[in-house]
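# Sequence and predicted model, in that order:
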Amino acid sequence: MKQQELEKTKEYKYGFTTDIESIRAPKGLNEGVIKFISNIKKEPKWMLDWRLKAFNRLKNMKEPNWQKPKYPKINYQDLYYYSAPKSTKDKPKSLDEVDPKLLETYKKLGISLKEQEKLAGVAVDAVFDSVSVATTFKDKLTEKGIIFCPISEAIQKHPDLVKKYLGSVIPITDHYFATLNSAVFTDGSFVYVPEGIRCPMELSTYFRINASETGQFERTLIIADKGSYVSYLEGCTAPMRDENQLHAANVELVALDDAEIKYSTVQNWYPGDKNGKGGIYNFVTKRGACRGNNSKISWTQVETGSAITWKYPSCILQGDNSVGEFYSIAITNNYQKADTGTKMIHLGKNTKSKIISKGISAGNADNTYRGLVDINKKAINARNYTQCDSLLMGNKCGAHTVPYIKNKNHSSIIEHEATTSKINEDQLYYCNQRGLNQEEAIGLIVNGFCKEVLQQLPMEFAVEAQKLVGISLEGSVG
Amino acid sequence: MLNFEINSKEIDKIEKISREEKDFRIKNLEFFKTIGFPNKRFEDWKFSDFKNIVDNNFNELAVNKVSNDISNIDLLNDFNHNYILLVNGSLHSSNFQYEDKDKIKISSYNNNIDYKVTKNPLVCLNHALSENGYFIEIKEDYKFKKVLVIYNYFTEDIKNKILNNKNKIKLNKNSELHVIEYTVNKSKFKFINNSYEDIVLDDNSKLKNIYLQNNKSDGFFHKFLRNKLSSNSDYSNLIFSSGLKFNKLDIECDLVGEKAKCNILSGLFLNKDEHQEIKTRINHLFPNCKSFQKVKNVLSSQSKGIFQGKIYVNDIAQKTDAYQLSKALLLGDHAEFNSKPELEIYADDVKCSHGSTSGSIDENSLHYLMTRGLNKENSTRLLIKGFLNDIVEFIKSKSIKRFVERKLEEQVNGY
């Protein structure tokens, strides 16, 4: 490898591209492209109608512009909305049939699908550009009645479930990017956990953008039926490119009575180079509905990548006694920008929510926490606790907190606190004195700062996330 | 639905203004006309849909002049004070019997040109139409001996009017002034008072302001305060303005010198369908400045309290110490509290924090008091008093403190 490339991979080790033959839809956003996507996925007519309905709606919508990080106008006609590796056109039945090049790619990313298949623990669905390339552990899950498959497969095999729940949490009319996703989504994961089942392993999806000039529009739908439990992880990476690539996903979670969903994200899309060139625009809509009584949805996110992160994983607490949680670490370095947070909408009685957000900003980056806590009139005895802490490194970066707190119920209690500070000199000095260099010391202190959130991650991800926290801040001090 | 139209002829009626100023006024009026009263689509008006409020309460609104003749006014006799009397927003008279008159300059304020065009429609309306406010300037090194009460008096005949007035307070180096702004509303009708206040504090000067009113009122008040605090100056604003049908205080503070200090405190008791909003924006533009905000709301029946506070810290404003706390006590089934405590920080060596809580009266405290023989109503009152007392404690002068406490008690006992 050339010296220059070596230097580059040091900054972002997932920045390679895989040279693989792919099939693409024609460039641009129009009815033809939507029909192309629907056709190539052999979708039933109702699905195509649904997409077209969203597309018609999109024509009259405007991009939102209230966010803090501004970006140049996206030319939606200059993007490919579908790109898939050629070799998986006829879907492989087992991993042996998967293109070795693809498997190699995932191995490079640290997710050896084969290894994962042998070591029990995590079932992986790998999404490469617009399609799912492999899902492991299918048999074991099927045994328990759990459905874990690409959403395109679910549309064909489980149309009733998809029809019932798709768009029920994020309606197609929600906002520009959600509507765009509804029209052109290509793949993503579908999970259904039947009544009373506790999913025996972590379910995981690994998203990879490979092709250039491609937007990734994945759609994930997770349904936890009465009394069930599921823990789901997602990870994402993309090659280093000078262009900005759009990633606009929709994730919908539905928890029925007594069910619990734990959703963890380690987002490490390509953040752009040191001068802020390139990187992914990560404009994602994630929303969960605690529909049943005593249900629980917990979001955990570690956001270290992307040029711009703009997302608010939310909980609609409809059922009585339902619980919503949001744990977040957002790290921005160089010219990265993040505007992230959550919405907790309390509708049912005795609903509880907890928000822990840690923002770390270095270099020329901007980091915003934006959140909403809305206690409805009928949400008797609702309870919310919010804590947002920001850490600043250097005086060229920014840390912002924009919480919206609405309380319409006199029996509810809301607490919100936020602090902004820099790394404590004393702590640094102490670490240095014990023989740690500056970077190691900062890594240690930042990990301590984030501990409350890191603890929420499943073991497999926690180690990775901890390393990521250190790597993301490399070069931010000196 | 209100059909509110203003003709630019209203500006022609304003006397003694330069061509330049007239253009400025017309420009602002045009801006107001394109937008009208702000609705909740404006981020700053998200929780107070002023257009909706105006539409629901007024069938007609006029901007034409009102007379400012009154025969007599009952002055406060709780403590000795100087006063300025404003009638329907216009400067009527003043009295500085306890002070050295050479050190004080007071005049009618009509200057309407040194202002930036803003995007706040109500401020634009004020820029377009305001006249006859007051301008007070305190000379260098002069410290007021007694408090200055500004009687903001509204006459009985004010009905379906929108009154625009603009005032300015300037404190030169090392001067000091204590002000109580006391609203007396004799009108039983609905009207809007839209005012703008410009406050300039030079190095080492000190201004303390208390907002209060005499009685409940059906008036709709909007006030924009623009403060510029120079090095080592000290500004405090204590807000106790309960009992108004609608009140929005929009406070913007620029800390433009090192070690400037800014305190904004509020203790409110809202009842019935009262709607009260405090919006602040503290701009820390220089190092070593300090800002402190504490807003406490007690909300009963169907009242609505709002706090939108923003702390902005510029990248050179190192060693900033900024604190913000909003607390609400919800008593009524239909009461509502909304808050948006915002931080925007670009400097790293700072201490910035905010907190916001809202909830009901603590059952344990209530239980404790009731076991001591107080009935529920009195226990609740005592707890409310304790909750608000925190803010009253900031008043140093005993006589003024007693006066404010009495006024607050009047509010709470109405509960």
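Received the coordinates, thanks. Numbering: from 1, shown residues only, chains lettered A, B, ... in the order given.
# drop to CA atoms for contacts and neighbour counts, all remaining ones
OK.
# mind listing the helices for the chain?
In the absence of a named chain, chain A is used. A:3-11, A:31-40, A:45-59, A:100-108, A:113-118, A:138-143, A:151-157, A:159-165, A:176-184, A:425-433, A:438-449, A:451-454, A:459-472 (DSSP state H).
# wrong one, chain B
B:9-12, B:19-35, B:50-57, B:121-129, B:363-371, B:376-392, B:398-413.
# what sits up against the second one?
Translated: helix B:19-35. Residues outside helix B:19-35 that contact it (Cα atoms under 8 Å, 6 or more residues apart in numbering or on different chains): B:6, B:8, B:11, B:112-113, B:117, B:121-122, B:124-125, B:127-129.
# Return the set of buried residues in it.
Residues B:21-22, B:24-33 are the ones in helix B:19-35 that count as buried (16 or more other Cα atoms under 10 Å in any protein chain shown).
# With respect to residue B:60, which of these is nearest?
Nearest to residue B:60, judged by Cα to Cα, of the buried residues of helix B:19-35 is residue B:33 at 16.3 Å.
# and residue A:52, how many neighbours?
Residues lying near residue A:52 (other Cα atoms under 10 Å in any protein chain shown) number 19.
# and the residue lying closest to it once chain neighbours are set aside, what does it touch?
Nearest residue to residue A:52, sequence neighbours excluded (Cα to Cα, 6 or more residues apart in numbering or on different chains): residue A:183, at 6.3 Å. Listed by Cα under 8 Å, 6+ apart, the contact set of residue A:183 reads A:34, A:50-55.
# Buried members of the residues you listed into PyMOL, please.
In PyMOL, this line selects whichever of those come out buried by 16+ other Cα under 10 Å:
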select buried, chain A and resi 34+51+52+53+54+55
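# Can I get the contacts of residue A:183 in CSV including pLDDT and distance to residue B:320?
Converted to CSV, the contacts of residue A:183 look like this (pLDDT from 0 to 100; distance: Cα to Cα, whole Å):
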residue, pLDDT, distance to residue B:320
A:34, 91, 54
A:50, 93, 53
A:51, 93, 52
A:52, 94, 54
A:53, 94, 52
A:54, 93, 49
A:55, 93, 49
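# now, which of the contacts of residue A:183 sits nearest residue A:426?
residue A:54 (55.4 Å).
# mean pLDDT for the helices of chain B: which is lowest?
Mean pLDDT per stretch puts helix B:9-12 lowest among the helices of chain B, at a mean of 80.
# Now that helix: buried residues?
residue B:11.
# And residue A:396, its phi and psi?
Main-chain dihedrals, residue A:396, degrees, to the nearest 10: phi -110, psi -10.
# OK, contacts around the nearest residue to it once chain neighbours are set aside?
Counting by Cα to Cα, 6+ apart, residue A:364 is the residue found nearest to residue A:396 once chain neighbours are left out, at 5.1 Å. Residue A:364 makes contact with A:333-336, A:396-398, according to Cα under 8 Å, 6+ apart.
# Work out which residue lies at the spatial centre of the chain.
You didn't pick a chain, so chain A it is. Nearest to the geometric centre of chain A sits residue A:265, at 5.2 Å (Cα atoms, centre = their mean).
# not what I meant, chain B
residue B:249 (4.4 Å).
# Identify the residues contacting that one.
B:222-225, B:277-279.
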